[in-house]
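>>> no FASTA, just this:
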Ligand code: NI
């Protein structure tokens, strides 16, 4: 198993649209294992393959406190949704950035499992929000793109400043 590198916003590759997985191969099993390990290592509750620069429709989610209830969705599709939920969201591709996003409160998802069988699951609350956030990644969409232009430009400024600080601290370390 391995910890994969997570793409950081505004990396253009986060806007690629993922392709459906045609067959559950050993490579897909390995990808899921590595994605789960990467998500746990980064203390996240969800990760989409897009975020590790693999543009296939695979997401992993674990919203349990004990980190032992891994949900794997391959080729996930939301087949029904209802209600409104607003959660303060964050993303492993934008560490330190959190904001409220409006989404459906309840979703029914159809996906393949690692055995290549279709299953349907109904999710609500945090799990429903997380599924919608991760499926968005597969469509090339990052949650901050739901925010107002003003908020988005503030986030850009914050990220640029952070990049500058990282660079300058490297320079001073080099003496
Ligand atoms: Ni995310």
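Alright, I've got the coordinates. These numbers were taken from a predicted model, which means no experiment stands behind them.

>>> what about residue 42, distance to residue 3?
Distance, residue 42 to residue 3, using Cβ to Cβ, to the nearest Å: 8 Å. (Glycine included, C-beta is placed from N, CA and C.)

>>> same deal with residue 84?
Relative to residue 3, residue 84 is positioned 36 Å away (Cβ to Cβ).

>>> next: residue 51.
Taking Cβ to Cβ, one finds residue 51 at 13 Å from residue 3.

>>> neighbour count: residue 84 and residue 3, which is higher?
Set residue 84 next to residue 3 and count neighbours by other Cβ atoms under 10 Å: residue 3 wins out with 13 against 9.

>>> wait, that one sits on residue 37?
Yes - proximity of residue 3 to residue 37 meets the contact threshold set by Cβ atoms under 8 Å, at 6.0 Å.

>>> give me the number of neighbouring residues for the nearest residue to residue 67 once chain neighbours are set aside.
In space, and not counting its chain neighbours, residue 67 is closest to residue 40: 5.7 Å by Cβ to Cβ, 6 or more residues apart in numbering. When neighbours are defined as other Cβ under 10 Å, residue 40 has 17 of them.

>>> show me where the protein has its helices.
Secondary structure of the chain by DSSP state H: the helices cover 26-41, 125-138, 149-173.

>>> list the helices and strands the lengthiest strand in the chain packs on?
In the chain, assigned by DSSP state E, the strand with the most residues is strand 71-82. For strand 71-82, the packing partners by 3 or more Cβ pairs under 8 Å, 6 or more residues apart in numbering; DSSP states H and E come out as helix 26-41, strand 58-61, strand 106-112, helix 125-138.

>>> nearest to residue 88, out of those?
For the helices and strands packed on strand 71-82, the distance to residue 88 is smallest for helix 125-138, at 10.0 Å, taking Cβ to Cβ.

>>> so which bits of the closest one are buried?
Using 16 or more other Cβ atoms under 10 Å as the test for burial, helix 125-138 gives 127-138.

>>> please state the offset of that helix from the chain centre?
8 Å (Cα atoms, centre = their mean, to the nearest Å).

>>> angle of it against strand 71-82?
Angle, helix 125-138 to strand 71-82, by axes from the mean of the first three to the mean of the last three Cα atoms, to 10 degrees: 100 degrees.

>>> so for helix 125-138, mean pLDDT?
The average pLDDT for helix 125-138 rounds to 97.

>>> please apply the same query to stretch 53-67.
97.
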